[in-house]
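Asker: fold the following, please.
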Amino acid sequence: MSAVVLDNSILVAWVLGEPSPLVEQVIDDLATAAGHVPALWPYELANVLVVAQRRGRITASHAARAVALVRGLDLTVEPVEPARVLEHVAELALKHGLTAYDAAYLDLAMRLGAVLATLDADLARAARACGVAPRTVESAI
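Answerer: Sure thing, here's the model as predicted:
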């Protein structure tokens, strides 16, 4: 595998200590595969960490460790033109019943010709429909 787009679900599971065979395999794959995320990803991860702290699920020190873990990964945050988001990403979201956020990961995998690693069944199904190879729980077993 030369490139993989990591859906936020993979990274959240990893930093919150919710391991699965898929999560561990994808993180291990980053030693030899280029990891990519869309430009909205840092906001998504920050929001998950903020909400988890507000709900008492994690402490501020756990959030800081999570940020340090993620910063240690070799991930490329890929920019995108607003017109692409407002047209192509929105179209993908509508066509496949996704949020625009999830469609951003699918769009990036399509643009890069990359595998899409996700724990989200709807996103994996949309990836298959678009000819993108998903890395899912089923493919990790």
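Asker: low-confidence ranges, the chain, go.
Answerer: By pLDDT under 70, the low-scoring segments of the chain are 1, 137-141.
Asker: okay, strands next: where are they in it?
Answerer: Using DSSP state E, the strands of the chain run over 3-6, 34-38, 75-78, 115-117, 134-135.
Asker: deepest in the core, which of those strands is it.
Answerer: Highest mean neighbour count among the strands of the chain (mean count of other CB atoms under 10 Å): strand 115-117, with a mean of 27. In short, each C-beta sits where N, CA and C put it, glycine included.
Asker: TSV for the strands of the chain, including distance to Ala68?
Answerer: Below are the strands of the chain laid out as TSV (distance: least, CB to CB, whole Å):
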stretch	distance to Ala68
strand 3-6	17
strand 34-38	17
strand 75-78	14
strand 115-117	21
strand 134-135	25
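Asker: closest to Ala100 out of these?
Answerer: The closest of the strands of the chain to Ala100 is strand 34-38. By CB to CB, the value is 10.6 Å.
Asker: which elements pack onto the closest one?
Answerer: If contacts are counted by 3 or more CB pairs under 8 Å, 6 or more residues apart in numbering; DSSP states H and E, strand 34-38 sits against strand 3-6, strand 75-78, helix 100-112.
Asker: neighbouring strands for the second one, and are they parallel or not?
Answerer: According to DSSP bridges, strand 75-78 has the following sheet partners: strand 34-38 (parallel).
Asker: distance between the strand it pairs with and the chain's centre?
Answerer: Mean-position distance between strand 34-38 and its chain equals 8 Å (CA atoms, centre = their mean, to the nearest Å).
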